[in-house]
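>>> what follows is a protein structure lacking sequence information:
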């Protein structure tokens, strides 16, 4: 391994709507969609309507940050981000038919490979290993009615595209969730390919839960992490992690709330002999097999996630001193969502999530460096060095 | 204050179906219900069907642990529990009409007062302050269509019953949740009476979230804490805690997952100026106003909840050394739910939750004693000494 001049800052939670995908959204009348309207000042503005329960004619501002690679690199430069592992933003291909989804996934994966492959390299003054500044998570055509062969075929496609290092997936699978037995060949292919599977929410839970509160705060702050937690817990209960222990699953938003619920989950399972008997491990063990983005906006949260990851490793019988839980956390920004209120500001999602790492009192500098970038290098680029 | 001979063990999460309430359940054909069936061995057995989505003819075993005071005291003796603050188990009065709910609440509150008032005192060899072994949380007739006056009237009734020290409430309120403005007079009455409001889940979230998983693991392990989290977050967003900062709110199951989501919540609010402008504090501050049962089944979870409670206090500008977050945590068992699989065993819900306290590496003995009982004495009995 060549000497590094300084630790890298790597963003593993950074989204894009590639131009081909943005065109798909512009052609739609239903959510998700992008439409253009004339604003109060008489100017044309693009709006994105993305959440299932949003009115179709409001949405949020959307612009070059979402599709223009130059804007992404500029954002990275502004915040000192050396490298980003880019993923298509939700809701991916969920609104396409099975036949359209397959072709579109293949096209978008090639687009993203091109987007990354032609990106600048990290300056050798900073890191001599020749990494590009952009890598990517590919897309699978995970829609109802598609043949699993087509999905596995797309895993193989991604495996061969050198700048794609994983996949991003929502929680619906073929319509019955990620615990659907039919997906086993997909998990097997992902496991063999050593691709990282980034599980990301989109649907939250039913809007009736939010009562009269009309803002997006509840669906985003609670609904999103609930959805991720349900998805991974269903996978655990269905034995997906028992059958595929070498899957490299990365959970959005620091694992949702699985970290806070895993001991309760273990207790509920222990009181249900039928469920207990079909699982290989205590529920807490599985948290030691997972990876978590460090997008939790607080130091206490990050320290806690590392603690339960370490506890999970210990349940798995892995107790080496270097395997301290922080290795499972990887910094991210959720860019280009959560833009600053004033255009001149640094993005709070960046600053807060970096401050959160910096503020963990129990981590030393090398653990913090690892969460900021070293862990991402190990997980995504180990084979490139 | 008289000298104590040893720290008390106080269980603040312990349920009962009072005989009057059990009779109501026995008279029903729909969930919730208790019915009697002949089991495979030819014996009669009572079954409780409690969750909204359960089949009406299965349920779980139910017996004297649920309604017999002697069984409760025996359970307490077996586990060294000095004192329990008893609450009616879910779903409380939710299935009653407005007129029935008022009378039944008043009757059950008198029943519970009697249940506690006639319980033995804690031996003066253990603690000389003359505490009873049983105290209670009363019930409010919180059902659609009732007049708020009747609810406030019931708060006043509870206030006058000397062994009732709080209320237990579900999350539905009058049908529109606990963030319903119509409940403001109720919160005001509770605040003035200094009664503890124990917010407890029952409905979880819609069963479609659980996919093909048929056990109760997901609704109990995830749905319950999600429901509590939604309820308290909606209260925060609606300004209930801003208008009633002296409410003594106790959250079941260690606050659900509000602790893990409060920084994300703060970030989502910061990105929504409309919501941000209507709240008095950063979202994380409210966690310093709340109390949490220590029913989380793990040490890392408890340490984390204390950390975010302390952070909340700091956001509120309260940073005294003694106000370290552990003061907001109170041990509980969830008895008589989660019985042991073998009748002779100690209850795992007791042992695991005590082990969890014992295992927090960053707490000293006096903090652990406080979580096991001292905090409950301060919160519920301070006025009795």
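Sure thing, it's come through. What you see is a predicted model; the values in this text were computed from it and never measured.
>>> let me know the pLDDT of the residue nearest to residue A:70 when sequence neighbours are not counted.
Spatial nearest neighbour of residue A:70, chain neighbours left out: residue A:64 (7.7 Å); criterion: C-beta to C-beta, 6 or more residues apart in numbering or on different chains. Glycine gets a C-beta too; all of them are placed from N, C-alpha and C. Here the pLDDT value assigned to residue A:64 is 94.
>>> which residues touch stretch A:115-123?
Residues outside stretch A:115-123 that contact it (C-beta atoms under 8 Å, 6 or more residues apart in numbering or on different chains): A:8, A:16, A:18, A:69, A:73, A:82-83, A:86, A:129-136, A:162-164.
>>> mind checking which of the residues you listed are in helices?
A:69, A:73 (DSSP state H).
>>> how near is residue A:287 to chain B?
Separation of residue A:287 from chain B (C-beta to the nearest C-beta, to the nearest Å): 10 Å.
>>> check contacts around that residue.
So residue A:287 contacts A:255, A:258, A:259, A:262, A:308, A:309, A:311, A:312 (C-beta under 8 Å, 6+ apart).
>>> so which of those are in helices?
A:258, A:259, A:262, A:308, A:309, A:311, A:312.
>>> got phi/psi on the residue nearest to the last one when sequence neighbours are not counted?
Beyond its immediate neighbours in the sequence, the residue positioned closest to residue A:312 (C-beta to C-beta, 6+ apart) is residue A:288, lying 2.5 Å away. In terms of degrees, to the nearest 10, the main-chain angles of residue A:288 are phi -80, psi -10.
>>> same check, this time on residue A:27
phi -80, psi 0.
>>> what is the burial count for it?
Neighbours of residue A:27 under the rule other C-beta atoms under 10 Å in any protein chain shown: 9.
>>> likewise for residue A:125?
8.
>>> hang on, isn't it packed against residue A:82?
No. Using C-beta atoms under 8 Å, residue A:125 is not in contact with residue A:82, being 11.4 Å away.
>>> please point out which parts of the helix or strand harbouring residue A:37 sit buried.
If you go by DSSP states H and E, residue A:37 is part of strand A:33-38. For strand A:33-38, the neighbour count (16 or more other C-beta atoms under 10 Å in any protein chain shown) marks A:33, A:34, A:35 as buried.
>>> for the second one, name its beta-bridge partners.
When bridges are called by DSSP bridges, residue A:34 pairs up with residue A:48.
>>> gap between it and residue A:63?
10 Å (C-beta to C-beta, to the nearest Å).
>>> where does pLDDT dip in the stretch 151-300 of chain A?
By pLDDT under 70, the stretch 151-300 of chain A contains no weakly predicted segment.
>>> hang on, the earlier thing: and for the residue nearest to residue A:70, the neighbour number?
13.
>>> pretty sure it sits against residue A:74.
No. Using C-beta under 8 Å, residue A:64 makes no contact with residue A:74, being 9.3 Å away.
>>> just the buried positions in the lengthiest helix in chain A, please.
The longest helix of chain A (DSSP H) is helix A:98-117. The neighbour-count check on helix A:98-117 (16+ other C-beta under 10 Å) flags A:101, A:102, A:104, A:105, A:106, A:108, A:109, A:111, A:112, A:113, A:115, A:116 as buried.
>>> taking the mean pLDDT, what do you get for that helix?
98.
>>> so the residue nearest to residue A:70 versus residue A:17, what's the distance?
Residue A:64 is 11 Å from residue A:17, by C-beta to C-beta.
>>> separation between residue A:108 and residue A:89?
In terms of C-beta to C-beta, residue A:108 sits 12 Å off from residue A:89.
>>> meant to ask about residue A:369
Taking C-beta to C-beta, one finds residue A:369 at 28 Å from residue A:89.
>>> more neighbours, these two?
residue A:89 (23 against 19).
>>> make sure that one is actually in contact with residue A:14.
No. Counting by C-beta under 8 Å, residue A:89 sits too far from residue A:14 to count as a contact (9.6 Å).
>>> distance from the chain centre to stretch A:155-168, please.
15 Å (C-alpha atoms, centre = their mean, to the nearest Å).
>>> mind listing residues that contact that stretch?
A:85, A:87-88, A:92, A:106, A:109-110, A:112-113, A:116-117, A:132, A:134-140, A:186, A:189-190, A:193, A:195-198, A:200, A:248, A:250, A:380-381.
>>> in strands only, show me these.
A:85, A:87-88, A:134-139, A:196-198, A:248, A:250 (DSSP state E).
>>> adding distance to residue A:177, write those residues out as CSV.
As requested, the ones in strands among the contacts of stretch A:155-168 are exported to CSV (distance: C-beta to C-beta, whole Å):
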residue, distance to residue A:177
A:85, 25
A:87, 20
A:88, 20
A:134, 31
A:135, 28
A:136, 25
A:137, 20
A:138, 21
A:139, 18
A:196, 20
A:197, 14
A:198, 17
A:248, 20
A:250, 18
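>>> between those residues, identify the one with the most neighbours.
residue A:136 (32 neighbours).
>>> find the residue closest to that one in space, skipping its chain neighbours.
Nearest to residue A:136 is residue A:112, by C-beta to C-beta, 6+ apart, at 4.2 Å.
>>> you'd agree the one you found is up against residue A:86?
Yes. Counting by C-beta under 8 Å, residue A:112 does reach residue A:86; the two are 6.8 Å apart.
>>> what touches both of these two?
With C-beta under 8 Å, 6+ apart, residue A:112 and residue A:86 have common neighbours A:16, A:136.
>>> and for stretch A:100-110, what's in contact with it?
A:18, A:20-21, A:24, A:88, A:93, A:96, A:138-143, A:146, A:150, A:154, A:157-158, A:161, A:164.
>>> gap between it and the chain center?
19 Å.
>>> repeat for stretch A:112-128
Per C-alpha atoms, centre = their mean, the centroid offset for stretch A:112-128 relative to its chain is 21 Å.
>>> what do residue A:64 and residue A:17 both touch?
Contacts common to residue A:64 and residue A:17, judged by C-beta under 8 Å, 6+ apart, are absent.
>>> so what's residue A:238 up against?
Residue A:238 is in contact with A:179, A:181, B:213, counting by C-beta under 8 Å, 6+ apart.
>>> among those, who's most crowded?
Going by other C-beta under 10 Å, residue A:179 tops those with 23 neighbours.
>>> for residue B:216, see how far away it is.
17 Å.
>>> what about residue A:214, how many neighbours?
10.
>>> I believe it is in a helix; please confirm or correct that.
No. Assigned with DSSP: H, G, I helix; E, B strand; the rest coil, residue A:214 falls outside any helix and is coil.
>>> quick one: residue A:76 from chain B, how far?
Relative to chain B, and taking C-beta to the nearest C-beta, residue A:76 is found at 20 Å.
>>> wait, residue A:51
13 Å.
>>> skip the chain neighbours and tell me the closest residue to that residue.
Closest to residue A:51 by C-beta to C-beta, 6+ apart is residue A:219, at 6.1 Å.
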